[in-house]
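Asks: sharing a model that was predicted from the sequence below.
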Amino acid sequence: MWPVIDLGLPGGVALALLPELVLTGCALCLTILVAWRHRSEEDQLLVGYLAAVGLVLTAAVVVVFWVSDVRAGGLESMIALDGFRYLTDLIVLLGALLTVLLSLGYLGRERILVPEYFLLLLYATVGMMFMGGGADLIVIFLGLELMSVSVYVLAGIDRRSVFCAEAALKYFLMGAFASAFLLYGIALIYGFTGTTNLGLIYVQTATWVFQENTMLLIGIGMLLVGFAFKVAAVPFHMWTPDVYDGAPTPITAFMAAAVKAAAFAAMLRVLLEALGPVTVVWTEIVWWLAAITMVVGNLVALAQRNLKRMLAYSSIGHAGYLLTAVASGTDFGAGAFLFYAFAYTIMTMGAFAIVAAAGRRGERDLRVEDLNGLAKRRPWLALAMMVFMLSLLGFPGTAGFIGKWYILSAALEAQNGLLAVVLVSTTVISAGYYLPVIMAMFMKPPASDDAHEHVTVTGAARWVVAATAVVLLVLGVWPGPAMDVAGQGGRDLRPSVMITVSK
Amino acid sequence: MNYEAWVLEALLAFPLVTAIAVLLRPVREAKWIALFATLIEFLISVPLWWEFDPTVALMQFQVARPWIAGWGVWFRLGLDGISLFMVLLTTFTMPLAVLSSFNYIREKERAYYALLLVLTTGMLGVFLALDLFVFYMFWELMLIPMYFLIGVWGGPRRLYAAIKFFLFTFVGSLLMLVAILTIYYYVGRATGTYSFDYYHLLSNIQVTDRWAFWLFGAFFLAFAIKVPLFPFHTWLPDAHVEAPTAGSVILAGILLKMGCYGFLRFALPFYPNVVLDPMVATVVVVLAVIGIIYGGLVAMVQPDFKKLVAYSSVAHLGFVMLGIWAATVQSLEGAIIIMISHGISTGALFFLAGMLYERRHTREIAAFGGLAKVVPLLAAVLTIVVLSSVGLPGTNGFIGEFLVLIGSFGIYPWAVVVAATGVVVAAMYMLRALQRIIYNKLDNPENEGMLDLSRRELAVLLPLIALIFWIGVYPAPFLRRIEASTSMLVEQVRGAQAPAPFETGGRR
Amino acid sequence: MPATVGWVWLVLLFPLAGFLANGAISVLRLDAKRAVTTIGVGALVLSFLVAVAVMAGLAGAPADAPYVLSLWQWMPAGRLEIELALQVDQLSAMMLLVVTGVSMVIHVFSVGYMGEDPGYARYFSYLNLFVFFMLVLVLGANFPVMFVGWEGVGLCSYLLIGFWFENEAFANAGKKAFIMNRIGDVGFLLAMFMIFQAVGTLSFIEVFEYAPRAFAIGGTAITLITLALFVGAIGKSAQIPLYTWLPDAMAGPTPVSALIHAATMVTAGVYMVARANVLFAMAPISSFTVAAVGAITALFAATVALKQWDIKKVLAYSTVSQLGYMFMGVGVGAYAAGIFHLTTHAFFKALLFLGAGSVIHALHHAYHHTHSSEEAQDMRNMGGLRKWMPLTATFMWIATLAIVGVPGFSGFFSKDEILAATFARGHEAAAFYVLWAVGVVTALLTAFYMTRLMIYTFHGPNRSGEKEQQHLHESPWVMTGPLLVLAVLAIVGGLINLPAVLPGSGWLHHWLEPVTELSAAYLPEVHLSHSTEWVLLGFATLVAALGIIGAWRLLKPAALKPAREAPEETGIQKVLLNKWYVDEIYDTLIVRPIMWVSENVLWKVIDKGIIDGFGANGSANLARAMGWLGSRLQTGYLGTYVFLFVLGALILLRVVTGWEL
Amino acid sequence: MLLGPSLGLSAVLFSLGVAGVLFRRNAIVIFICIELMLNAVNLSFIAFAQQLGRSGQVIVFFVMAVAAAEAAVGLAIMIAIYRHKDTIDVREINLLRG
């Protein structure tokens, strides 16, 4: 219908921002609704369902934009209009939707009566959509802050649990600290390129010799520090295990999947669209970040007994895999990121759904041994968990493997052979903690006869688990179309100004 | 549709379909469906024997379907002299494995038989795949069923054995994945067409010669762990001892052969110059020979019968590796014959170990003694199988070992001299075990009441014994079918240079 | 190819069928003693008749190239084409007759000897299988087929030695025999590989035709091949150092010892050397080694036989010694003499063993009635059995005179011809004179210990105990009949190859001409003048007589005590009785160290310790330790987190600015 | 024209902020130091805007708005933690570790 939008006119910008506007609109209406009906369980469920409807609506709009391949006429000033944005939006919306569906049952069981929970989720999602789609450093920063603030609160939503409060505090302090670094980076880059628009920065960096301009390099460094924190790359990852452990399980899943995906999307967009010509500067750093993150994440996960904390460290490991895709510094890598982020979101949501189901009310310490003999009493649940574990491990036949294959291809095409070997070796280490979970469920007898009575997955969560497991297997066996879509999305990351620069 | 077109795909699809059927039907019928399915599978594969044209060296029965077309991944299957007998060995062993676990497996039967069928598809996939990506997928896929077979239905230390088995193979295969992708990229960039097709990559592999050593190293590690070659073998005894009977039979009979098959199909043709590189060759041949002697000697002191057979597999496959690395027509054919006959004789040994376990619930050799008086039939079968494993002329063991040694003598005379003593070590440990099981005094009261082989057990063992003598006495049809592909492989590996010419007269 | 020679595959078929039939009966535990006997003995009788027909057919036909009957292609692998082919020529026909003839006789004897044994069917099935493999060995047309027979007979000797497997010692003896044979077989295998590597084929006709062009006379290649073949022969024919299995093999039933460990299997080594005479002739060093090892073994075994009390052990060492003679014969190039002694030895040694068998059977029977647990094979419990077993005594005396080499008996001609050939070879190299001297001394010792055996068993007072004497009686005709046949052969056997001086001489020599002439070019036949022949003949008779009279004089059977009260042996007697402690040396030097190394070093240290402990589990624990270290770093304090954050940021900035900051 | 020194000042302020976060124990003081860092960045924005035109100053307002939002949420969280542990001394808050 309208393949081209002119971002110069205000109407054009509004049109470009339609998905975000739709979501914000829903969120605002819900805010009003919550003001009146916030006393009973049903109110919370109602808000939850409406939030889900809002998300689906937004997703529909995004799909319309994506299918009709809407493009920006001329320079993309504030928001980008390309496949990459639509795909990240879809991934983020999917993450949020799954979190909402999981939380419906979870909040009831944990007796958390805070209808605003779903609002915060919506606002965080809006923030993430801006991060994924922003064509301007400031827009990305604002999106990041909007998301961060909402998730700080979400992390500490359970007023009665001291762990939740501690998690929120740590996340808040470290998060603010890191955004200061990010902002300082933006300031320096703005200072020396005169603009915050990614396309224009690309033009500036293409024509300038970086050796003698240390201040700009520091700016890029600061930017990387900020993003590295958000993405939980080692050594900036220290907050992740504690926050993931303390926060309520659906929120942990949300942070591990959607937040991480959005952070990576923003990082990729900035690095590729703005700092494209100077890849040699940042690929080496990202290379080191990836390697160290993969190794430390997987190794420390090996020593964990608590299942939730183990999945936290494993998500650091997966951040390392995604960093490997970024380290390739090509749009092929971006494609790899998109596919892996999508697959990773599904795996983590499924895994945490079962962790949530297996944990009893309030009892935080869910050990791997608590899953012993799950296969006998809850065969389907155990089977789903096995699919998630195998997919997280990257075992053929699951989407995880295809994702890892895609990332390995990106790394090898960019001549990062050594990083590929590090990725592969850390995958072996990851087998060291994924397999015992499968082993506990299938090969060990249950502790007592009524061991898993309480483990029930009700209503929406049941669908989440089933759907995610099936999607993982289908993607694993028939990845063709999904990979092409991801590849197309990645290729869109070329700068909109189309200035051909000899690489 | 003629037989060539649908057979390979049917071989892969049929077990999966029946696996689902087993899961859905009630528990009582599980084992019968599984037996019925594996027999049908075997019947499908039998016509391969005469449909296969021995004169053609290239792939036959080829099938190619686009799978992930964008990335050059096609579902390509093919069969040639080298993989023909591996496929037949698999389809031949599976019904016996199912039959042998009839009253060995008591709980979760449906899952057990479904896993066996999925495993069949995985194994056949590895032997038939002509697309490196599809090969890798099947190579890893058959890990999970075997992992569960050992882990759920295994012996006391099954968890340790299962995870050790998984990790050993997993390390090797992941490095192989990186190697495959590197080759895929460099060949793709050089030729423009990005594809995983075996012949496409093989025909312009020289593009990756700069990293030939490292890429070969990755393939080598993956296959050496699977074979297992000497230093990487410690997973084998644990996996064998803890796996249920059928698991051990499949593990020894077929899974180990995937390593050797990998060498023959991928490592040798891809990097012949690295294979023939004197330093690499000496290392591998030395490891193979150590494997033969070391495997034998350690087998001699094993108290547990299954562990003894496991170490004997290390010794047997040491011969195969020696044969593969000598890369002459005789040694390669010998290696393939050992791969088949080891599958048969070691399979039979494990079936017997299982039967003894079913009777006395112990695998300690010391617990038996003087069985020949009580169970003459079992003793007779065990003697025949032990003799085949020792490589007595007239049985299948001798043919393989003789061809390997005579083929390798021209290339590595000293290795053959040491390897030949392996034949003595084999006699030492096998006969020592045989004697402590069926001869000596009948001192243990529990052995008196032992029942002899039932009809079902005979049905499992007789086909194997028939094969032992058929390959031993009349191996010509097997050798004829292998010859075309092995001579082509020797041509590829040895390049233009013909095998060592004779100094003086002698027959041409 | 004459018709009758074509039937040769029938010779193989009958014993194989016999094995299968009796094997089925024994496994299915059917009680059909008569059927087993008819199948077992019947198979051998038919096989013998066909053998005679083949021999006749061959004798009639012109003696050109040997007839090769190819059954099917066994191992077609590229250049290597091995066929399962049978070769009938003068040598193999001769061996055919000897093997089938002696086996038939021993089968008849076994009917009586093993009558009451529960494993009767199993015994006959193994015996038939043995004959089948021995015939494969003899008739093989190429080295691999001969190797099939070679290891096959090793298998049957394993099964038969350990026949009464309840007794752990007997089962161990069987295993020891098989493993020692296998050590020899490795030599045989390596020889085959060297031949194939050099000549490209393994069938006898082609190898012997191309050998002269493929190898330099006396070169390293041919020497290595022949030495490797000889290692195989040592293993199979129990020469030093691989002979210790033969005395232990006496654990098997006596007819088995007679058939396998006296007449047929142990002579396989000699047959192989005779068959490959071209190769050995082309390698003088190897031929000399063969002769030397033969001589030394003969002497060594004879010394040990002097002091053995078990009647079968004496005969076992005597066999080792006589085999030494045969190797001396083929070593010096007198292949016909070697085969001749092989044939005559088969007759009289089989007779000796069967005689000993009937003695043991009688004694066993007596002890069985009086329920005494005395050792039935110990000569100290015998004595004066002449009175109760006159027939066995006379036949044993005939065999003893034959083996000692009293003129007129077969042993005299065959042993003397070997000594004469060694003496004749002497003028080429003095060492052969030494070998001749060793041979003569051995002849003296042989005469001594054989007479000692006869005196202690059949003469002097009876030491079996009064009650047992009532039950001592002559063995039934089914056992003494075969003794008679063998006795006749022992006497007549010498006629087939009379020495040159006597009329109608050297029939066997001419009969084997087509086979042995190939080697004539490299190791020409040396003929002594008639006078030296007569001198040697006379000297040999003198030595034999000296041995017999010496034994008669020195030994005092009356003073001998029954086994129970026998005094402890001292000094050199003790050393001889314990067979120079060779077994113990092997055990401590080879067997025990191997077991200890593989148990403690290979398995515990390398497998569990280094590869598992260090490699697999080691790396797993290392990873877990590093992980634990990482989780310790996660102290929970915000301060640590911020500190690491800032540290990381600083490093990152330094890297991004190219280490200038 | 005063770009050099103002950037220097903002860098100094920034590092002071970082030092504060590192060494202080009280959560609120840490938050104050973070605010100090943000204002240091605002300073550099102003310094750059002085050369590159007004758009720099607009960014400062965004930053301030964000800082305000953060402050509100941060202090709420600190109150929650105070209600539980009667202290906001960072060294006492270490239940989540390992």
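Replies: Thanks, I have it.
Asks: for the rest of this, base every contact and every neighbour count on C-alpha atoms.
Replies: OK.
Asks: how about B:Val63, secondary structure?
Replies: strand (DSSP: H, G, I helix; E, B strand; the rest coil).
Asks: can you list the residues of the stretch 151-300 of chain A near chain C?
Replies: Residues of the stretch 151-300 of chain A lying close to chain C (CA under 8 Å from any CA of the partner chain) are A:170, A:174, A:214, A:217-218, A:220-222, A:225, A:235-236, A:238-239, A:242, A:281-282, A:285, A:296, A:299-300.
Asks: in PyMOL, select just the buried ones from these.
Replies: In PyMOL syntax, the buried subset of those is picked out as below (16 or more other CA atoms under 10 Å in any protein chain shown):
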select buried, chain A and resi 170+174+217+218+220+221+222+225+235+236+238+239+242+281+282+285+296+299+300
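Asks: which ones among the residues of the stretch 151-300 of chain A next to chain C lie within helices?
Replies: A:170, A:174, A:214, A:217-218, A:220-222, A:225, A:239, A:242, A:281-282, A:285, A:296, A:299-300 (DSSP state H).
Asks: around chain D, which positions in chain C sit nearby?
Replies: C:631-639, C:642-643.
Asks: which one of those residues is nearest C:Asp416?
Replies: Of all the residues of chain C next to chain D, the one with the least separation from C:Asp416 (CA to CA) is C:Ser631, at 91.1 Å.
Asks: ok, now which ones touch C:Phe124?
Replies: Taking CA atoms under 8 Å, 6 or more residues apart in numbering or on different chains, we find C:Phe124 in contact with C:19, C:22, C:36-37, C:40.
Asks: and the furthest pair within the residues you listed?
Replies: C:Phe19 and C:Thr37 (11.9 Å).
Asks: looking at these two, which is more packed in?
Replies: Neighbour count, other CA atoms under 10 Å in any protein chain shown: between C:Phe19 and C:Thr37, C:Phe19 has more, with 27 against 20.
Asks: now for the closest residue in space to C:Ala421 that isn't next to it in sequence: which residues touch it?
Replies: Of all residues beyond its chain neighbours, the one nearest C:Ala421 is C:Ala334 (6.4 Å), with distances taken as CA to CA, 6 or more residues apart in numbering or on different chains. By CA under 8 Å, 6+ apart, the contact set of C:Ala334 is C:418, C:421, C:525.
Asks: quick one: which of the residues you listed sit in helices?
Replies: Using DSSP H, the contacts of C:Ala334 in helices are C:418, C:421.
Asks: nearest to A:Leu101, of the contacts of C:Ala334?
Replies: C:Ile418 (102.7 Å).
Asks: for C:Leu80, grab phi and psi.
Replies: phi -80, psi 110 (degrees, to the nearest 10).
Asks: residues in contact with it?
Replies: So C:Leu80 contacts B:330, C:200-201 (CA under 8 Å, 6+ apart).
Asks: let's go with 10 Å and repeat that
Replies: B:329-330, B:403, B:406-407, C:196, C:200-202 (CA atoms under 10 Å, 6 or more residues apart in numbering or on different chains).
Asks: out of those residues, flag the one nearest to chain A.
Replies: B:Val329 (35.8 Å; CA to the nearest CA).
Asks: picking up where we left off before, who touches both of C:Phe19 and C:Thr37?
Replies: In contact with both C:Phe19 and C:Thr37: C:43, C:121, C:124, using CA under 10 Å, 6+ apart.
Asks: skipping adjacent residues, who's closest to the first one in space?
Replies: Spelled out, it's C:Ala43. Excluding its sequence neighbours, the residue lying closest to C:Ala43 (CA to CA, 6+ apart) is C:Phe14, at 5.0 Å.
Asks: ok, how many other residues are close to that neighbour?
Replies: Using other CA under 10 Å, C:Phe14 has 24 neighbouring residues.
Asks: and A:Val368, by the same measure?
Replies: Neighbour tally, A:Val368, other CA under 10 Å: 20.
Asks: ok, the closest residue to it other than its chain neighbours to A:Arg364 distance?
Replies: Nearest non-adjacent residue to A:Val368, counting by CA to CA, 6+ apart: A:Leu307, 5.6 Å away. A:Leu307 sits 10 Å away from A:Arg364, going by CA to CA, to the nearest Å.
Asks: what residues are shared contacts of those two?
Replies: Here A:Leu307 and A:Arg364 have A:Asp245 as joint contacts, going by CA under 10 Å, 6+ apart.
Asks: who has more neighbours, these two?
Replies: The residue with more neighbours, out of A:Leu307 and A:Arg364, is A:Leu307; 22 against 16, by other CA under 10 Å.
Asks: contacting residues for that one?
Replies: By CA under 10 Å, 6+ apart, the residues touching A:Leu307 are A:245, A:301, A:352, A:355, A:359, A:365-371, A:433, A:437.
Asks: and the residue of the stretch 301-450 of chain C nearest chain B?
Replies: Counting by CA to the nearest CA, the stretch 301-450 of chain C gets nearest chain B through C:Ser373, at 19.1 Å.
Asks: quick revisit: please list which of the residues of the stretch 151-300 of chain A next to chain C also come close to chain B.
Replies: Residues of those in contact with chain B (CA under 10 Å from any CA of the partner chain): none.
Asks: ok, back up a step: so which of the contacts of A:Leu307 is the most crowded?
Replies: Of the contacts of A:Leu307, with other CA under 10 Å as the count, A:Ala301 tops at 31 neighbours.
Asks: and that one, how far is that from A:Ile316?
Replies: Taking CA to CA as the criterion, A:Ala301 is separated from A:Ile316 by 9 Å.
Asks: ok, the one helix or strand in chain B whose mean pLDDT sits lowest near chain C or not?
Replies: Least confident helix or strand, chain B: helix B:445-448 with a mean of 82, by mean pLDDT, DSSP states H and E. No - for a cut-off given as CA under 10 Å from any CA, helix B:445-448 has no contacts with chain C; the smallest distance is 13.9 Å.
Asks: which helices and strands does that helix pack with?
Replies: For helix B:445-448, the packing partners by 3 or more CA pairs under 10 Å, 6 or more residues apart in numbering or on different chains; DSSP states H and E come out as helix B:329-360, helix B:371-374.
Asks: what's that helix in contact with?
Replies: B:359-360, B:367-371, B:373-375, B:442.
Asks: and it, how far from the chain's centre?
Replies: Its chain's average C-alpha position is 36 Å from that of helix B:445-448, according to CA atoms, centre = their mean, to the nearest Å.
Asks: after the helix or strand that contains C:Trp9, which helix or strand is next?
Replies: Remark: C:Trp9 resides in helix C:8-27, with elements defined by DSSP states H and E. The helix or strand immediately downstream of helix C:8-27 is helix C:33-60, counting by DSSP H and E.
Asks: what residues of whichever helix or strand comes after that next one count as buried?
Replies: Following helix C:33-60 in sequence order, the next helix or strand is strand C:67-77 (DSSP H and E). For strand C:67-77, burial by neighbour count (16+ other CA under 10 Å) applies to C:67-69, C:73-77.
Asks: and the angle for strand C:67-77 with helix B:329-360?
Replies: Relative orientation of strand C:67-77 versus helix B:329-360 (axes from the mean of the first three to the mean of the last three CA atoms, to 10 degrees): 80 degrees.
Asks: and the angle for strand C:67-77 with helix C:33-60?
Replies: When the same axes, to 10 degrees is applied, the directions of strand C:67-77 and helix C:33-60 differ by 110 degrees.
Asks: now for strand C:67-77, which elements pack on it?
Replies: helix B:329-360, helix B:396-409, helix B:455-473, helix B:476-494, helix C:3-6, helix C:8-27, strand C:80-88, helix C:143-161.
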